[in-house]
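In: Take this sequence and fold it.
(chains A and B)
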Amino acid sequence: AQSVTQLGSHVSVSEGALVLLRCNYSSSVPPYLFWYVQYPNQGLQLLLKYTSAATLVKGINGFEAEFKKSETSFHLTKPSAHMSDAAEYFCAVSAATGTASKLTFGTGTRLQVTL
Amino acid sequence: GAGVSQSPSNKVTEKGKDVELRCDPISGHTALYWYRQRLGQGLEFLIYFQGNSAPDKSGLPSDRFSAERTGESVSTLTIQRTQQEDSAVYLCASSLLGGAGELFFGEGSRLTVL
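Out: Predicted coordinates for the structure are as follows:
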């Protein structure tokens, strides 16, 4: 079974500041890990994914995440926040079985960016 | 179409009525998923299909909920005798079987039960 825990349901940063959204996972098998973003009144879209290749994964809009097996973490970062980054961010995990399996989502972190 | 299409986008119904929500996945995507998102909450897994069969329907909240998929394409989520707690956005997603789990989401069907 897989699960993810997102620490902090709301995060507020100033424009230009570092963004750090935390995600810890639990998985009985090697995981695939994902970050999805949901902008207001829109569907979810993939930001980035870890699929057992490079542990540092770069995604769209300047976001990146690092898979740390020892810490069971997959935190999302961006060096400099922009107002357009305000959205809900979801971490998700699935089993790396080579076939489709369900994606289990965290409860989400709402990112607020202030001037 | 190019993306996952869901209908209706909005549905208001009275308590006790049945509703059907439809999902058209991306062409060629053999895996299809249903999730529920209540206001201010995360995504709750309901069911997923590989082809027309459902290996995992563990997330269906009660026997009032059912889903089917035909032709490895369109899926319908049916909620019978709706209750107010069923109010939520129902999201459908599809993916390539054997892919690294990347799901492509529709914009959802917002259900309001009065």
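In: count of neighbours near A:L20?
Out: By the criterion of other CB atoms under 10 Å in any protein chain shown, A:L20 has 12 neighbours. (Glycine included, C-beta is placed from N, CA and C.)
In: Low-confidence regions, chain B specifically.
Out: By pLDDT under 70, the low-scoring segments of chain B are B:1, B:97-101.
In: tell me, what residue is most central in it?
Out: Nearest to the mean C-alpha position of chain B, counting by CA atoms, centre = their mean, stands B:W34 at 3.4 Å.
In: what about the residue lying closest to it once chain neighbours are set aside, which helix or strand?
Out: Leaving aside its sequence neighbours, B:W34 sits nearest to B:L46 (CB to CB, 6 or more residues apart in numbering or on different chains; 4.2 Å). Using DSSP states H and E, B:L46 maps to strand B:43-50.
In: just to revisit the earlier point, what's the angle between the host helix or strand of the residue nearest to the centre of chain B and strand B:43-50?
Out: In this assignment (DSSP H and E), B:W34 forms part of strand B:31-37. With axes from the mean of the first three to the mean of the last three CA atoms, to 10 degrees applied, the angle from strand B:31-37 to strand B:43-50 works out at 160 degrees.
In: Show me which residues of strand B:31-37 are buried.
Out: Neighbour counts over strand B:31-37 (16 or more other CB atoms under 10 Å in any protein chain shown) mark B:31-37 as buried.
In: thinking again about what came up before, just checking, the residue nearest to the centre of chain B touches B:L91?
Out: Yes. B:W34 is within contact range of B:L91, at 7.3 Å (criterion: CB atoms under 8 Å).
In: Just the buried residues of stretch B:47-57, please?
Out: Buried residues in stretch B:47-57 (16+ other CB under 10 Å): B:47-50, B:54.
In: Chain A next: which of the residues you listed are close?
Out: Among the buried residues of stretch B:47-57, proximity to chain A is found for B:48, B:50 (CB under 8 Å from any CB of the partner chain).
In: between the buried residues of stretch B:47-57, which is closest to A:L56?
Out: B:Y48 (29.7 Å; CB to CB).
In: Bridged to the closest one, which residues?
Out: B:Y33, B:D56 (DSSP bridges).
In: Contact partners for B:G108?
Out: With contact taken as CB atoms under 8 Å, 6 or more residues apart in numbering or on different chains, B:G108 is in contact with A:43, B:6, B:9, B:37, B:89-92.
In: re the thing from before, and the strand holding B:W34, what does it pack against?
Out: strand B:43-50, strand B:75-79, strand B:88-95 (3 or more CB pairs under 8 Å, 6 or more residues apart in numbering or on different chains; DSSP states H and E).
In: What strands flank the second one, and is each parallel or antiparallel?
Out: By that I understand strand B:75-79. strand B:19-24 (antiparallel), strand B:65-69 (antiparallel).
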